[in-house]
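>>> Provided below are the primary sequence and the corresponding predicted coordinates.
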Amino acid sequence: MFSLFELNEHLRRVVALNFPQPVWIRAEIAQIGESKGHYYLDLVQKDEDSAEILAQAQAALWSGEYRQLLRRLGPLLVSVLREGQTVKLQVRPDFHERYGFKLHISDVDPAFTLGLLDLQRRQTVQFLKEQGLFDLNRNMPLPPVIQRIALISSETAAGKQDFMRQLTDNQFGYRFNVTFFQAAVQGKDAGPEIMSALKKIAAQAPNFDAVVLVRGGGARLDLSAFDALDICAETAQMPLPVLAGIGHDIDETVLDLVACRSLKTPTAVAEYILQHNLLFEGGIIELTDAIGSLASAMLKSREIALEQCLTETRWAAKQVLRHADTQVQMLHRQTPQLARQLIQKRLLAVEQAQVFCQALHPDNILRRGFSITYVHGKAVISPEQVQPGDIVETRLKDGVLKTRKG
């Protein structure tokens with residue numbers, strides 16, 4: 001029978017004999033802590049299908065080794081040693097009789113993590129293309145003016161301050177309505193918080209013209225949240241155009257690829273919005289000038305036409321007046337002659353009427369052998385006018401005959 005110390009001592013010798021040299025392992029950092037310059041990590045390996053933990057171990061990176069690695073790797077070391085990151089570590093397995101099994105980290109391979117992230121990035125892009133999501137937001141037209149902005153960033157991010165300063169202190173006097181949505185832009189909380197902000201904005205889409213996502217500069221591995229499939233898919237399907245200014249000059253995230261517009265820095269995003277609005281204002285000014293020029297040309301044309309019409313009217317009026325004056329003068333000359341002719345015509349008509357009246361005078365009728373019969377002083381035109389016993393007078397040319405009707 002072994003005592004506990006004897007068993008652990010035996011295990012220490014077994015581990016030391018079987019691992020005389022450090023070995024490279026691949027694992028996910030489940031948790032990391034720091035104390036007095038030393039870093040303590042909980043490493044896990046998960047099942048790819050069920051995410052069940054298959055293996056787990058504790059590791060330590062002593063302050064001396066950390067300082068050496070930091071001098072050699074610089075900011076990359078800080079980016080790699082983060083919770084949720086899959087890493088490649090060189091470790092010395094060690095079993096201590098009192099403290100148990102522990103892995104002592106002697107080296108870190110950032111290239112492995114970068115390569116793994118690059119593979120995941122390519123897989124994400126392929127999936128988005130296969131699902132028809134890759135070009136949705138990229139092809140979304142921007143509104144003519146971007147004024148109501150939904151801003152996703154961290155309250156303490158330098159990129160947010162740069163964006164707001166560039167946007168509000170613009171030389172054109174443009175005013176913007178910026179609604180801020182708090183979200184971590186790096187670290188383990190970045191993914192869930194950015195996703196939450198995107199969903200909140202989508203639910204209020206009619207209140208905004210565009211979404212702006214910005215952060216300050218940082219290491220390449222700080223961008224891993226912007227390669228996540230869920231965030232990129234949500235961005236691609238946003239009902240608003242997304243403008244990204246993640247703050248990097250060389251590396252390109254999947255979110256950069258699916259966003260409607262991707263600029264290198266938050267300041268560049270603000271400048272892009274200003275130039276976009278300036279282009280619209282320039283178009284309005286050009287249109288105003290064109291309308292003014294067209295209106296001036298039309299007014300000038302109408303003025304010329306009016307002057308021409310006025311000239312023609314004056315000329316036509318003079319022609320009419322001259323013609324009327326000629327007619328008046330002609331009538332003035334012809335009036336005496338016409339008056340004489342009219343008088344002569346009327347005199348002739350009177351003479352003819354006089355001759356006609358004389359021809360119809362009773363005396364002239366009697367002279368031609370006719371007679372007129374009267375009864376009671378009235379001319380008889382019908383036999384019924386004469387009653388028996390009436391005295392009938394018959395007037396002839398040379399006298400009157402009186403007879404009584406029997």
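Ah, there it is. What you are looking at is a predicted structure, and each value in this text was computed from that prediction instead of being measured. Numbers count the residues shown, from 1 in each chain.
>>> assumed Glu393 was part of a strand.
Yes - assessed by DSSP: H, G, I helix; E, B strand; the rest coil, Glu393 belongs to a strand.
>>> helix, strand or coil for the residue lying closest to it once chain neighbours are set aside?
Of all residues not flanking Glu393 in the chain, Tyr374 sits nearest, at 4.4 Å (Cβ to Cβ, 6 or more residues apart in numbering). (Each C-beta comes from the backbone N, C-alpha and C, glycine too.) Secondary structure state of Tyr374, per three-state DSSP, is strand.
>>> pull the contacting residues for Tyr374.
Residues counted as contacts of Tyr374 (Cβ atoms under 8 Å, 6 or more residues apart in numbering) are Val380, Val392, Glu393, Thr394, Arg395.
>>> pairing partners for it in the sheet, please.
Beta bridges link Tyr374 to Ala379, Glu393, judged by DSSP bridges.
>>> got the phi/psi numbers for Ser35?
Ser35 adopts backbone torsions of phi -150, psi 120, taken as degrees, to the nearest 10.
>>> likewise for Asn137?
Main-chain torsions, Asn137, degrees, to the nearest 10: phi -80, psi -30.
>>> that one: neighbouring residues, count only.
23 (other Cβ atoms under 10 Å).
>>> same check, this time on the one 10 residues further on
Taking other Cβ under 10 Å as the criterion, the count of residues near Gln147 is 15.
>>> equivalent analysis for Arg82, please.
By other Cβ under 10 Å, the residues close to Arg82 number 17.
>>> low-confidence ranges in the stretch 151-300 of the chain?
217-222, 247-251 (pLDDT under 70).
>>> and the residue nearest to Glu393, how far from Ile381?
11 Å (Cβ to Cβ, to the nearest Å).
>>> who's Ser35 bridged to?
Under the criterion used (DSSP bridges), Ser35 bridges to His38.
>>> okay, it: pLDDT?
With respect to pLDDT, Ser35 scores 91.
>>> against Gln31, how distant is Gln186?
Distance of Gln186 to Gln31, given as Cβ to Cβ: 18 Å.
>>> ok, the two, which is more surrounded?
The neighbour comparison of Gln186 against Gln31 (other Cβ under 10 Å) goes to Gln186, with 21 against 12.
>>> helices along this structure, start to end?
For the chain, applying DSSP state H gives helices covering 4-18, 63-73, 75-80, 110-130, 158-168, 190-203, 229-236, 254-258, 266-360, 362-367.
>>> can you name every helix or strand that the first one contacts?
With contacts taken as 3 or more Cβ pairs under 8 Å, 6 or more residues apart in numbering; DSSP states H and E, helix 4-18 sits against strand 86-96.
>>> and the strand it packs on with helix 4-18, angle?
For strand 86-96 against helix 4-18, the angle by axes from the mean of the first three to the mean of the last three Cα atoms, to 10 degrees is 130 degrees.
>>> could you give the mean pLDDT of strand 86-96?
pLDDT averaged over strand 86-96 gives 88.
>>> using CSV, write down the CA coordinates of that strand.
Coordinates of the C-alpha atoms in strand 86-96 are reproduced here as CSV (Å, rounded to 0.1, in the frame of the first residue of the first chain):
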residue,chain,number,x,y,z
THR,A,86,-8.1,28.6,-29.0
VAL,A,87,-4.3,28.6,-28.6
LYS,A,88,-1.2,26.6,-29.3
LEU,A,89,1.0,26.5,-26.2
GLN,A,90,4.4,25.0,-25.5
VAL,A,91,4.1,23.5,-22.0
ARG,A,92,6.1,21.4,-19.5
PRO,A,93,3.8,18.9,-17.8
ASP,A,94,4.6,18.9,-14.1
PHE,A,95,3.2,16.9,-11.2
HIS,A,96,3.8,18.2,-7.7
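>>> from the chain's centroid, how far away is that strand?
How far strand 86-96 lies from its chain's middle: 58 Å, per Cα atoms, centre = their mean, to the nearest Å.
>>> what does it rub up against?
Residues from elsewhere that reach strand 86-96 (Cβ under 8 Å, 6+ apart): 8, 11-12, 14-16, 19, 22-29, 43, 59, 80-81, 101-109, 112-113, 116.
>>> do stretch 131-140 as well
Stretch 131-140 is contacted from outside by 125, 128, 233, 235-238, 240-242, 257-260, using Cβ under 8 Å, 6+ apart.
>>> can you name the two of these that are farthest apart?
Pairwise distances among these were taken by Cβ to Cβ; the largest, 21.9 Å, belongs to Val125 and Leu240.
>>> out of those two, which sits in the more crowded spot?
Leu240 (24 against 17).
>>> can you pull up the most central residue in this protein?
Central residue check for the chain by Cα atoms, centre = their mean: the C-alpha nearest the mean position is that of Pro143, 4.2 Å away.
>>> I figured it was touching Pro206, is that so?
No - the pair Pro143 / Pro206 is not scored as a contact, 12.0 Å apart, by Cβ atoms under 8 Å.
>>> how many other residues sit next to Leu255?
25.
>>> perfect, that will be all.
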